[in-house]
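Asks: for reference, the sequence and a predicted model appear below.
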Amino acid sequence: MTFGSKEQALDLARSEPYPGPMKTAIIGPGAMGCLFAAYLKNGGLDVTLIDCSETAAEQIRANGIQVQGVRGQLQVPVAITTDAASLGPVDLVLVWVKAYHTESAMRQHLALVGRDTAVLSIQNGMGNTEALARVVATSQVIGGSTTMGANSLGVGQVHHAGEGDTFIGELDGALSPRVQDIAGRLSTAGIKVACQTDISGLMWKKLLVNVGINALTAILGVKNGVLAEIEPARRLLAAAVKEGIEAARGQGHVFDEAALIALVEDVARRTAQNRSSMLQDIQSGSKTEIDYINGAIARLGDYPVNQTLCDLTHVIETCAGEKHEN
Ligand code: PAF
């Protein structure tokens, strides 16, 4: 799946292996947090998961993380704690909480961050790196994006539904030794990561993927693939993405409309069997990231398609909450 331009991306998957593990903490043991923790630990990195629930942590401590899906089956014992202070400062913090928890989670687990710690966000949604930069120094924050798809099957249990591209980059665009080092280590450990010099453009691109896929799959109750297969669904996807492209232009990021819509459809096809993260949230009665995806677009101007998707999702969220109460 081509996600970043070849000219801008420096693929480090074939760089020399790095000596010694990099002390890494992953905040948020949801589907993506567990997926990254399992693959990276399995690939030799020193990984600790940070949870806020002792009950869930106990379960993962006892059973490890179980992954099934496109790479087969895997059961990996991973260290987990609810007490960041017991771990202390690490080399890399990978933040994998929902966008609406980013700032509070970082504040809660600030003991993980020392002077030289890098804090990486590959999360969905707009505003995560800004939220992190309200808690740690902006220079410590690294942005990222991925089109890997995963579903949670329960505490510490993940279905890896689709491979994708993962990119990371310094917010100021520098191809720093730090970002190359991190990309190289993650790639060597099993998650192929490339460096990007225009990470904010790439984060916009990923946002537009989520703008086209997440709310529609959540509202329609369908897997991602349906959006690329059925004509009216393709039209809805295109309409939401077109508005997103317009909003991005207003923020200084210019995308070719046809190419971007084709990219979003391609992601839907490649992750055809995946239930998007927003559909999973709706189905599990959890709060969605709608305000950080289509809602974020709607706040940037007069974008009726995204406003409607946002409103519909809120109605479904509210009714799902009421259903759980009754
Ligand atoms: O949020 C998601 O589900 C994922 O970002 C993606 C790429 C749309 C795949 O399902």
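Replies: Here it is on my side, so go on. In this text, all values refer to a predicted model and were calculated from it rather than measured experimentally. Residues are numbered from 1 along each chain as shown.
Asks: any idea how far the residue in the stretch 101-250 of the chain positioned nearest to the ligand lies from Val267?
Replies: Closest residue of the stretch 101-250 of the chain to the ligand, C-beta to the nearest ligand atom: Gly149 (3.8 Å). The way it works is simple: take the backbone N, C-alpha and C, and place the C-beta from them, glycine included. Gly149 is 9 Å from Val267, where distance means C-beta to C-beta, to the nearest Å.
Asks: swap in Pro77?
Replies: Taken as C-beta to C-beta, the span from Pro77 to Val267 is 32 Å.
Asks: again with Ala218
Replies: From Ala218 to Val267 the distance is 16 Å (C-beta to C-beta).
Asks: now do the SS call for the residue most central in space within the chain.
Replies: Nearest residue to the geometric centre of the chain (C-alpha atoms, centre = their mean): Gln123, 3.0 Å. The three-state assignment at Gln123 reads coil, by DSSP: H, G, I helix; E, B strand; the rest coil.
Asks: got any residues that touch both of Gly149 and Val267?
Replies: Residues touching both Gly149 and Val267 (C-beta atoms under 8 Å, 6 or more residues apart in numbering): Gly164, Asn224.
Asks: Pro77 and Val267: who's more crowded?
Replies: Val267 (25 against 14; other C-beta atoms under 10 Å).
Asks: what's the weakest-modelled helix or strand in this structure?
Replies: strand 9-11 (a mean of 39; mean pLDDT, DSSP states H and E).
Asks: just checking, what packs against the helix or strand just after it?
Replies: Per DSSP states H and E, strand 9-11 leads on to strand 23-27 as the next helix or strand towards the C-terminus. Packing contacts for strand 23-27, counted by 3 or more C-beta pairs under 8 Å, 6 or more residues apart in numbering; DSSP states H and E, involve helix 31-42, strand 46-50, strand 92-95.
Asks: so where do the strands sit in the chain?
Replies: 9-11, 23-27, 46-50, 65-69, 74-76, 79-81, 92-95, 118-121, 141-146, 149-154, 157-162, 166-170, 193-196 (DSSP state E).
Asks: for the fifth one, packing partners?
Replies: Taking 3+ C-beta pairs under 8 Å, 6+ apart as the contact definition, the neighbouring helices and strands of strand 74-76 are helix 31-42, strand 65-69.
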